[in-house]
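>>> Need coordinates for the below:
(2 chains)
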2 protein chains.
Amino acid sequence: MRHYEKIEALARRVHHLQHLQAITGWDEAVMMPEGGGEARAAALAELNVLIHETYSQPQVAEWIEGARAELEGADPWKKANLREFERTWRQQTCLPSDFVQARTLAVMRGEQAWRGMRGKNDWQGFRPLLEENFRLARQEGALRAEASGLQPYDALLDLYEPGVRADSLTRTFSDLEGFLPEFIAAVREKQADEKFLPTRGKFPIERQRALGLELMGKVGFDFQHGRLDVSHHPFCGGVPADVRITTRYREDDFSQSMMGVLHETGHAKYEQNLPATWRTQPVGLARGMGVHESQSLFLEMQVARSREFLEFAAPFIEKHLGAGAEDAVALRADNLFSIFTRVKPGYIRVDADEVTYPCHVILRFKLERALISGDLKVKDLPDAWDAGMRASLGLSTGDNHKDGCMQDVHWAGGAIGYFPSYTLGALIAAQLMAALEKEIPNVRKDFAAGEFGGMNDWLRRRVWSQGSFFTTDDLLRQATGATLSTEAYKNHVRRRYLDS
Amino acid sequence: MRHYEKIEALARRVHHLQHLQAITGWDEAVMMPEGGGEARAAALAELNVLIHETYSQPQVAEWIEGARAELEGADPWKKANLREFERTWRQQTCLPSDFVQARTLAVMRGEQAWRGMRGKNDWQGFRPLLEENFRLARQEGALRAEASGLQPYDALLDLYEPGVRADSLTRTFSDLEGFLPEFIAAVREKQADEKFLPTRGKFPIERQRALGLELMGKVGFDFQHGRLDVSHHPFCGGVPADVRITTRYREDDFSQSMMGVLHETGHAKYEQNLPATWRTQPVGLARGMGVHESQSLFLEMQVARSREFLEFAAPFIEKHLGAGAEDAVALRADNLFSIFTRVKPGYIRVDADEVTYPCHVILRFKLERALISGDLKVKDLPDAWDAGMRASLGLSTGDNHKDGCMQDVHWAGGAIGYFPSYTLGALIAAQLMAALEKEIPNVRKDFAAGEFGGMNDWLRRRVWSQGSFFTTDDLLRQATGATLSTEAYKNHVRRRYLDS
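A predicted model of the protein is given here:
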């Protein structure tokens, strides 16, 4: 096993370096004073170079070949580990390092500029930076395509969603496009007559934080191995032994921080429960961004926005926030359910409900695919965006770029091929919930009773503890008996939004 | 300059890695949940190995030789940089890596055990670990002695105090031993009649923090490049662009957190004002632990405990903490001066006043030197400690090991040769203050008026911006016109404790 062992040792080194990257990355977003940014960026860039160098040692190709021979008939986890290592190694080494450096710079510049320009709706200023990002992304797609034999956009997708291809995404998304417009209209009609009270009041941040911490604990976040903090953009970072989730607070509205904390807790529980014995190895990592998002959406959409969960949560909300509410009735479970399941087309993806959300993702998927293929030019993006929004959600963005094609950090930060994961996650979450309900028919009653052990055990067994042992397809088949489809999602939203 | 440039590139890489080390080290003490400890230790150990490997590349010796030739007649800062690089490189590479690993393990084990055993006064449990630490320290001393031509203890000292030797320390410390006993007795006699009010009250942590932040800002801490947090043991960490200081709070006593914050602010200002153009290079680092400690003690002992500073600070103390004090009179400058200059022999080094403090250091210096030479055995340490404390401070520790030889983390954590820096720092601070007063005769009046610009400009010019350009001796000569002596310290304590 001498080749395989060398691969494990190399992976272990990279894992430890990525630990430092994760914690200092969290620190940058949560703790760092502004003046520390330049030195931090330089330190992290050096670490990236070092990781790239570590993968690029000329002996590694030989180790992989040698390990493949050594592992014939051996432990399937080791085989899966070699497969995952090789995938990452190919992704890391197929780009020349001067290209990586140029891209890192462009991406940092794009993201920093975006922060200032979005607020000013400065499309003319932002456009050249976005053009440069897409120029480099097309180049990256071509380089990755050459190394992998995939189409360029597929090669970018594969970074976030191993095994997923644009063609299958197109089929899945077309299916949703056939379903959503009529469904959204039906829900809007039904909800038009519904009365509910807004949760107006003054909810001190410390109390919202206490509520978040209590709910996190109830649903199974392990505080021995993680913490909750504040950042401008909520995220889940850190390492499995020490998961850092963040949120942001508004004093006049607790609903965003409450659901935000539960969303990130879903990510965190996945990380905290990845297979401990494989923690330093690629097979011990989360399966991909779609599966990761499925875990946050499982907790937020499937569980926390259910009537049952809100019945469980209402007394805690009352305990922590009741004193600040203008009208205590607004904090009752029924009213909260109305608030948390309101469907309303809007401009902003991150504020969208779970029914209109896929429309935002599908638009971005089509546009970025066309931008990579060259069928669309960056200069024509605002018009294409406007047309897409009008077609899918009946909203025109016009020259409101900041709420249009400038609203997300992803393209500014060079993350092209990422958006589909959000909707894949929503579909997977619904499919997992359907499977869980088959296995534990009373699981929704458990939610109402604050019992999450059965749900967590099932997820731990079926998803979390599997790390990257299976491909995404096989993971889903193993957990739900079927590969990805839109059925469970459609059933879920029908039941929640029309039947209930 | 091709060899010299390779050295700068190597140093730059190490600098960036040490940035990650510093921030994750701060995180470990301030933010990390307990369960993250094992993974963090493994990640940091890997980073140490990587830094060791980086220095140990076989070409480096050749680069150093080549660079030396290239730099003849060149920029003296580059020459000093090469000198500092070579010193660090020799320190890093003269130990075989299996020894480094064994020592790292023993030191971690010793420090972890100490945390639990000190509280239980468990000398019998702690002794074998300390024996192992000193066994390895003797081995390390021998290896370093072989590489450097120094005596073993001197080779350990040199890690913290480049250029300082045990023989010169012995002369300096003997001088203090000739002065202190009589002086302490005289101060005690004078203070016996002094009346002062203890600052009793309830001082909420948030208010103490606000006071600390305000005073930090007034004396010149740059919040664009640093922050203040809480940790169990106060320290100054981070990197020059992002300095992290910590303190701890007691609700019934603000004096410790206030002076603690100012002490760490002294360290922080040194770091924040190191020469920016040399930030990634060894010559851009602080000169050594003694000079570093001189900066914290300058601010704490020379400035903040002066009558003038306390006149300036009293209104801020009143503003933030007045509401919590049992007796507002206790917060007046005169009373605070009495509190902050009280001299009283005690068991604990970290709680000692500036007059009895050197006695604690001298005892440790003598004992660790004898433990390294073999003249003293670890098993005889408690008796030797007791005898030393009785001789210098008239206190017997007996079997009270937790307040005796088990009180400090240093030996448990393998830091042997560190203690002298505390007293060197006190002597340097006094010498710098005397030189500053010669140059700006009214500087103490400035303190009373809250004007610290003149003082900071002088320190910036004379100390901070010099980095490691000079040796410690030359730095002192350049700043004060003389090399290290005890005169300024003796004059300072005479003036403060007997004449005022």
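>>> Run a quick neighbour tally on A:Gly481.
When neighbours are counted by other C-beta atoms under 10 Å in any protein chain shown, A:Gly481 registers 11. Where C-beta positions appear, they are placed from N, C-alpha and C, glycine not excepted.
>>> Now that it has come up, it's in contact with A:Leu432, right?
No - the pair A:Gly481 and A:Leu432 fails to qualify as a contact (C-beta atoms under 8 Å) at a distance of 11.2 Å.
>>> Residue of the stretch 151-300 of chain A nearest chain B, please.
Nearest to chain B, among the residues of the stretch 151-300 of chain A, is A:Asp242, at 3.0 Å (C-beta to the nearest C-beta).
>>> where's that residue relative to B:Val49, distance?
21 Å (C-beta to C-beta, to the nearest Å).
>>> Equivalent analysis for A:Arg135, please.
Here the distance between A:Arg135 and B:Val49 works out to 40 Å (C-beta to C-beta).
>>> who has more neighbours, these two?
Legend: neighbour count by other C-beta under 10 Å for A:Arg135 and B:Val49, higher for B:Val49 (16 against 12).
>>> which residues of chain A fall in strands?
For chain A, the strands defined by DSSP state E occupy A:226-230, A:236-239, A:242-247.
>>> Dump those strands to a markdown table, plus mean pLDDT and mean neighbour count.
Formatted as a markdown table, the strands of chain A follow (pLDDT from 0 to 100; neighbours: other C-beta atoms under 10 Å in any protein chain shown):
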| stretch | mean pLDDT | mean neighbour count |
| --- | --- | --- |
| strand A:226-230 | 98 | 19 |
| strand A:236-239 | 98 | 24 |
| strand A:242-247 | 98 | 26 |
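>>> Would you enumerate the residues in contact with the closest residue to A:Trp464 other than its chain neighbours?
In this structure, A:Trp464 finds its nearest non-sequential neighbour in A:Asn273, 3.7 Å apart by C-beta to C-beta, 6 or more residues apart in numbering or on different chains. Going by C-beta atoms under 8 Å, 6 or more residues apart in numbering or on different chains, A:Asn273 touches A:459-460, A:464-465.
>>> Of these - the most surrounded one?
A:Leu459 (24 neighbours).
>>> Now do the contacts for that one.
A:Leu459 sits next to A:269, A:273, A:295, A:298, A:432, A:436 when contact means C-beta under 8 Å, 6+ apart.
>>> okay, among those residues, which ones form the most distant pair?
Put simply, by C-beta to C-beta the two of these set farthest apart are A:Asn273 and A:Leu436, 15.5 Å from each other.
>>> So for A:Arg103, what pLDDT did the model give?
A:Arg103 carries a pLDDT score of 88 in this model.
>>> Check A:Ala113 too.
Per-residue confidence (pLDDT) for A:Ala113: 89.
>>> my guess is it contacts A:Arg127, does it?
No - using C-beta under 8 Å, A:Ala113 is not in contact with A:Arg127; the gap is 10.7 Å.
>>> Run through the helices of the stretch 351-500 of chain A in chain order.
Here the stretch 351-500 of chain A has its helices, by DSSP state H, counting those that start in this stretch, at A:357-373, A:381-393, A:420-439, A:443-448, A:453-462, A:472-480, A:487-493.
>>> Make CSV out of these and add mean pLDDT and distance to B:Leu105.
Output for the helices of the stretch 351-500 of chain A, formatted as CSV (pLDDT from 0 to 100; distance: least, C-beta to C-beta, whole Å):
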stretch, mean pLDDT, distance to B:Leu105
helix A:357-373, 98, 50
helix A:381-393, 97, 57
helix A:420-439, 98, 42
helix A:443-448, 97, 46
helix A:453-462, 98, 33
helix A:472-480, 97, 39
helix A:487-493, 98, 51
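>>> right, so of those helices, which gets closest to B:Asp499?
Nearest to B:Asp499 among those is helix A:453-462 (70.9 Å), distances taken as C-beta to C-beta.
>>> low pLDDT regions in chain A?
Chain A contains no residues with pLDDT under 70.
>>> The same query, at a cut-off of 80, please.
In the predicted model, chain A carries pLDDT under 80 at residues A:1, A:500.
>>> who are the neighbours of the longest helix seen in chain A, in terms of helices and strands?
If you go by DSSP state H, chain A has its longest helix at helix A:2-30. Under the contact criterion of 3 or more C-beta pairs under 8 Å, 6 or more residues apart in numbering or on different chains; DSSP states H and E, helix A:2-30 touches helix A:37-55, helix A:60-70, helix A:76-93, strand A:236-239, strand A:242-247, helix B:2-30, helix B:37-55.
>>> Kindly reformat the helices of the stretch 351-500 of chain A as TSV containing distance to B:Arg390.
TSV is the format used below for the helices of the stretch 351-500 of chain A (distance: least, C-beta to C-beta, whole Å):
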stretch	distance to B:Arg390
helix A:357-373	76
helix A:381-393	82
helix A:420-439	70
helix A:443-448	68
helix A:453-462	61
helix A:472-480	70
helix A:487-493	78
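>>> At the geometric centre of chain A, which residue do we find?
Geometric centre of chain A, nearest residue: A:Glu293, 4.1 Å, by C-alpha atoms, centre = their mean.
>>> how about it, what does it touch?
By C-beta under 8 Å, 6+ apart, the neighbours of A:Glu293 are A:421-422, A:424-426, A:428-429.
>>> Specify which member of those residues is nearest to B:Gly66.
Taking C-beta to C-beta as the measure, B:Gly66 sits nearest to A:Ser421 out of these, at 51.3 Å.
>>> neighbours of that closest one, just the number please.
Counted with other C-beta under 10 Å, the neighbours of A:Ser421 add up to 22.
>>> residues touching it, list them.
A:Ser421 touches A:160-161, A:288-290, A:292-293, counting by C-beta under 8 Å, 6+ apart.
>>> Show me which positions of stretch A:398-407 end up buried.
A:400-407 (16 or more other C-beta atoms under 10 Å in any protein chain shown).
>>> can I get those in a markdown table with distance to A:Glu65?
Putting the buried residues of stretch A:398-407 into a markdown table (distance: C-beta to C-beta, whole Å) gives the following:
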| residue | distance to A:Glu65 |
| --- | --- |
| A:Asn400 | 55 |
| A:His401 | 50 |
| A:Lys402 | 51 |
| A:Asp403 | 52 |
| A:Gly404 | 49 |
| A:Cys405 | 45 |
| A:Met406 | 47 |
| A:Gln407 | 46 |
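>>> out of the residues you listed, who's nearest A:Phe221?
A:Gln407 (29.6 Å).
>>> List phi and psi for the residue nearest to the closest one when sequence neighbours are not counted.
Excluding its sequence neighbours, the residue lying closest to A:Gln407 (C-beta to C-beta, 6+ apart) is A:Ile348, at 5.9 Å. Note on A:Ile348: backbone dihedrals following degrees, to the nearest 10 are phi -100, psi 120.
>>> Name all residues that make contact with A:Lys202.
The neighbours of A:Lys202, taking C-beta under 8 Å, 6+ apart as the test, are A:251-252, A:324.
>>> For those residues, which entry has the maximal number of neighbours?
A:Gly324 (18 neighbours).
>>> contacting residues around that residue?
So A:Gly324 contacts A:201-204, A:207 (C-beta under 8 Å, 6+ apart).
>>> Tell me the one of the contacts of A:Leu459 nearest A:Asp473?
Nearest to A:Asp473 among the contacts of A:Leu459: A:Leu432, at 14.2 Å, using C-beta to C-beta.
>>> The closest one reaches A:Ala479, doesn't it?
Yes - the criterion here is C-beta under 8 Å, and A:Leu432 meets it with A:Ala479 at 6.2 Å.
>>> quick one: which of these two has more around it?
Each of A:Leu432 and A:Ala479 has its neighbours counted (other C-beta under 10 Å); A:Leu432 has more, 25 against 21.
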